[in-house]
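turn this into a structure:
(one chain, ligands or ions: 1)
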Amino acid sequence: MFTPTAIGFVRSPYTDTKAIPKGLGARHDAEGVLEILPEFEPGLTDVEGFSHLFVLWTFDRSEGFELIGCPPIDERPHGVFATRSPRRPNPIALTVVELLGRDGRLLRVRGVDMLDGTPILDIKPYLSSVPAEKLRRGWIAEAEERGRS
Ligand SMILES: C[S@@+](CC[C@H](N)C(=O)[O-])C[C@H]1O[C@@H](n2cnc3c(N)ncnc32)[C@H](O)[C@@H]1O
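Numbering: from 1, shown residues only. Below you'll find the predicted structure:
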C-alpha cells in the first residue's frame, strides 16, 4: 500500500457540516477553490480543457466507521459501500465538480460538498461512458419513490 499525502486543500464556504446540503434532491451548487500545492502545479497542465473533474479527498474530520448505517435520505439501513457515508473504513471521498477556471495552481470549481481546508488526494478528468439508460440507482431510487408517495 502507500501513505497518502495531500496534493492540495479545498477552499470551501462550509466550515460546519450542518451547512452542507443533504437529503433527497439536495443540490450542490456551492463554489470553491482547489488550491494545489506549488510542487504539484505542473500536474495541472491541460486540465483547463475539461468541463468537470473528479476530486478525490479525505474525510479528515470523521472518526471511525460503520458498516451498516442509515443515511440522511433514508430511515432504512444500508451497507457503507452502498452509500456515500463519511464514516468508512478508508475515509476517502469522491466529488464531481464543474471547472469554472484556472488561475495557476488555483482551480475555481462549482459543486463542492466538503469542509473548508479538506485535504485533496487526487484530481482526474471526469469522463462518463455509462449511458443514462444503463444506470441503476438502487435503494436511492426506492427512497425517492417512497418520498413522493
Ligand atoms: C455524504 S458525503 C459525500 C462526499 C463525496 N461527494 C462522496 O460521495 O464521497 C458529504 C458529507 O461529508 C461531510 N464532510 C464534508 N467534508 C468533510 C471532511 N473534511 N471531513 C469529514 N466529513 C466531511 C459533510 O457532512 C458532507 O455533507
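
got the residue ranges for the helices in this structure?
138-148 (DSSP state H).

around the ligand, pick out the residues from it.
17, 20, 22, 59-62, 84, 86, 93-95, 113-115, 118 (CB under 6 Å from any ligand atom). Any C-beta I mention is one placed from the backbone N, CA and C, and that applies to glycine too.

are any of these buried, and which?
Neighbour counting by 16 or more other CB atoms under 10 Å classes Ile20, Phe59, Pro86, Ala93, Thr95, Asp113, Met114, Leu115, Thr118 among these as buried.

and the pLDDT for the third one?
When you say that, I think you mean Pro86. The per-residue pLDDT reported for Pro86 equals 97.

the residue nearest to Thr58 when sequence neighbours are not counted and Thr15, how far apart?
Excluding the flanking residues, the one nearest Thr58 by CB to CB, 6 or more residues apart in numbering is Pro119, at 5.1 Å. As for Pro119, its distance to Thr15 is 16 Å (criterion: CB to CB, to the nearest Å).

so for the two, which sits in the more crowded spot?
A side-by-side neighbour count of Pro119 and Thr15, using other CB atoms under 10 Å, places Pro119 first with 16 against 10.

brilliant, that's me finished.
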